[in-house]
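>>> Sequence and predicted model, in that order:
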Amino acid sequence: MSNASDTHAALLTRLSQIVGPAGLITGDADMELYAIDWRRQFPGKPLCVVRPASTAEVSQIVRACAEAGAALVPQGGNTGLAAGAVPDASGAQVVLSLTRMNAVRGLDPIGMTIEAEAGCILKVAQDAATEAGRLLPVSLAAEGSATVGGIVSTNAGGVNVLRYGMTRALVLGLEVVLADGTIVNGMRRLRKDNAGYDWKQIFIGSEGTLGIVTAAILRLVPRPKHTVTALLSVPSPAAALHLLDLAQDELGDSISAFELISAQSFDLVRRHAGLTPPIAAGDWFVLIEAGASLNGLREAAETALSAALEQEIALDGVVAESGAQAAQLWALREHISEGEAREGKSLKHDVSVPITDIPAFLEAADAALAAGAPGARANVFGHVGDGNLHYNVLVDASHDGAAINRLVHDVVSSFGGSISAEHGIGQYRVEELLRRRSAEETALCAILKGALDPHQRLNPGKVLPVRAP
């Protein structure tokens, strides 16, 4: 046996001793779901999948891999769209799946906090908050499989960012395992803690490249007693912004979601999911949700929507009369990604620009796409209330994906935007990030990586390229 084979065999033996037979997966067929991203564009080949049941086991695994010189790829629900949680094809990387660490450790309804392990499914944590009369406001299409550790490590966004902010705004405490196996316990339930560096911020959104999040304390919010959901057709993205302005004037911070959806998106949902909007056809739609604990929300919402129709900011609209109808409206939004996947190959662009620049950005991006990639089709939807659009492009075999990515991102940069608003960088956008970020910012990130993971064993090749030894 070669030295590498001997080292791998010894590591597998050690990992099995740490987690037991139930915690170690080695067969190719059994590892398949862990070895490829959700979009099935980045297949990998792990040495094994190790599934710890505690933070202490995570620490031991990290130490064992460090001694063997093996890289670790932390993984939660593996629902990300940037391929940030899958191994390379070397057959030498260890996937660290945290799904066995899935407990809700505690919930404080008065202090409005929830403590959960990294492998806890987001929906499970949401349901626990609901049972306590509170709301965990991170909401995204993959919440039935995404995990707490995953949303923290990617700084997940979702539909409620307009009101509640990104995941970063909800994290009060973290438990993290460093690259040498050290456990750092910062599980504090404090709203105000100004004692020195807020080190947890380094790990939020770092995609497992600086440390492994094993547990988190998240801030909860009051659960609205009244909710209004409405779908409207609007004549243009500019009209959608006027509608946002009017809605914010009338409804204030009760607005939790304000989604812009193109007719192309709803066409995909109609053809591939069998769902049809309950209002007249148009080129653009807006899905709005607002929530409040005081009475009068519905009346205020109906007044705002009536004003929008009178001013011709909106062309048509419907307000859900029940929770079931609200769920039907949201199902239209939530099936867009599925419809897009069934349509064929698409290039994902999770971008953000200043909110008031959205109409001009769309016009410029559409023009650049038509000129640079004839036949490609833009599928646009996203969280217009916080400036985040998914400007996805449906392509065929004749199109150059890398060229289209650069084309779209060039337009984003011209508006001072970001090439990743909420999905992260993963391995999908590493090269594009290097093109966009200043040398000083890149050097600063490399300093952080070098300090916390000097041997590049934590999720190598994600967010930053692997540097030469």
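Looks like it came in fine.

>>> In the host helix or strand of Ser265, which residues are buried?
Per DSSP states H and E, Ser265 falls inside helix 263-273. For helix 263-273, a neighbour-count test (16 or more other CB atoms under 10 Å) marks Gln264, Ser265, Phe266, Leu268, Val269, His272, Ala273 as buried. The C-beta positions use only the backbone N, C-alpha and C, and glycine is treated the same way.

>>> wouldn't Ala368 be in contact with Arg406 here?
No. Between Ala368 and Arg406 there is no contact under CB atoms under 8 Å: 10.2 Å.

>>> ok, Leu12 to Ser5 distance?
Distance of Leu12 to Ser5, computed by CB to CB, to the nearest Å: 11 Å.

>>> Compare neighbour counts for the two and give me the winner.
Leu12 (18 against 9; other CB atoms under 10 Å).

>>> so who does that one touch?
Neighbouring residues of Leu12 by CB atoms under 8 Å, 6 or more residues apart in numbering: Leu24, Thr26, Leu47, Cys48.

>>> Next: Ala300.
Contacts of Ala300 by CB under 8 Å, 6+ apart are Glu250, Leu251, Ser254.

>>> repeat for Asp400
Taking CB under 8 Å, 6+ apart, we find Asp400 in contact with Ala373.

>>> Please report phi then psi for it.
phi -90, psi 100 (degrees, to the nearest 10).

>>> what about the longest helix in this structure?
Counting by DSSP state H, the longest helix found in the chain is helix 3-19.

>>> quick one: average pLDDT of it?
For helix 3-19, mean pLDDT is 93.

>>> and the helix or strand just after it, which strands flank it?
Counting by DSSP H and E, the element after helix 3-19 in chain order, helix or strand, is strand 24-25. Within its sheet, strand 24-25 is paired with strand 48-50 (antiparallel), according to DSSP bridges.

>>> which residues in the stretch 251-400 of the chain form helices?
263-273, 297-310, 323-334, 336-343, 358-372 (DSSP state H, counting those that start in this stretch).

>>> Make a markdown table from these and add mean pLDDT and distance to Glu117 to it.
Converted to a markdown table, the helices of the stretch 251-400 of the chain look like this (pLDDT from 0 to 100; distance: least, CB to CB, whole Å):
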| stretch | mean pLDDT | distance to Glu117 |
| --- | --- | --- |
| helix 263-273 | 95 | 33 |
| helix 297-310 | 93 | 35 |
| helix 323-334 | 94 | 26 |
| helix 336-343 | 92 | 27 |
| helix 358-372 | 96 | 38 |
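
>>> just to revisit the earlier point, what's the helix holding Ser265 in contact with?
275-277, 281-285, 331-332, 335-336, 338-340, 342-343, 377-381.

>>> Domain map for the chain?
Per automatic domain parsing, the structural domains of the chain span 3-97, 104-222, 226-337, 344-423.

>>> picking that back up, so which of the contacts of Leu12 wins on neighbours?
Cys48 (24 neighbours).

>>> Can you check the pLDDT for the nearest residue to it once chain neighbours are set aside?
Nearest in space to Cys48, with sequence neighbours left out and distances taken as CB to CB, 6 or more residues apart in numbering, is Thr26 at 4.9 Å. Looking at Thr26, its pLDDT is 95.

>>> Please tell me how far Thr26 sits from Gly450.
In terms of CB to CB, Thr26 sits 32 Å off from Gly450.

>>> hang on, the earlier thing: nearest to Leu458 among the contacts of Leu12?
Leu47 (15.5 Å; CB to CB).
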